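In: Generate coordinates for the sequence data below:
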Amino acid sequence: MTAPLRKFVLEQPGTPDYPYQYTDAIVGFKSAGPFYSTHPAEDSEQVWAMVFELPNGGGFLPAWTNGEADESAFSEQPVLTLMDAAKTAESLAAEEAQRQLDDPVDVGE
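Out: Sure, this is the predicted structure:
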């Protein structure tokens, strides 16, 4: 995805003010998750794929999160359908988990 990502901390000021759901909870979507692990053979650090729903049929914002009150980011480019947004969110989460595996020092606490 080429759209810029905007970072935020989930459930804190700066979180997009839209309803969201994790991709593994989207009815009809076959999630690869429920999360991507950032440490081999551990699940202590996890990256979850999520989707924000824009108002008035404005589409969806794909996103990833390390969990509530933790580092997260969303795509600034809306996606028209929920299923496409979920696919994009899963790709973003997988990429972020790999980034954290490759550079564990850069992972927020």
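
In: is it true that Met83 touches Ser31?
Out: No - the criterion here is CB atoms under 8 Å, and Met83 misses it with Ser31 at 11.2 Å. (C-beta placed from N, C-alpha, C; glycine too.)

In: what is in contact with those two at once?
Out: Shared contacts of Met83 and Ser31 (CB atoms under 8 Å, 6 or more residues apart in numbering): none.

In: For the chain, which residues score under the pLDDT cut-off?
Out: 1-2, 34, 38-44, 104-109 (pLDDT under 70).

In: Okay, helices next: where are they in it?
Out: 82-102 (DSSP state H).

In: Taking the centroid of it, which residue is nearest it?
Out: Ranked by distance to the mean C-alpha position of the chain (CA atoms, centre = their mean), the top residue is Trp64 at 1.4 Å.

In: ok, and the closest non-adjacent residue to Leu92?
Out: Trp64 (4.8 Å; CB to CB, 6 or more residues apart in numbering).

In: nope, Gln12 is what I meant
Out: Closest to Gln12 by CB to CB, 6+ apart is Ala69, at 6.1 Å.

In: Confirm for me that Phe29 is in contact with Thr88.
Out: No - when contacts are counted by CB under 8 Å, Phe29 is not listed as touching Thr88 (11.7 Å).
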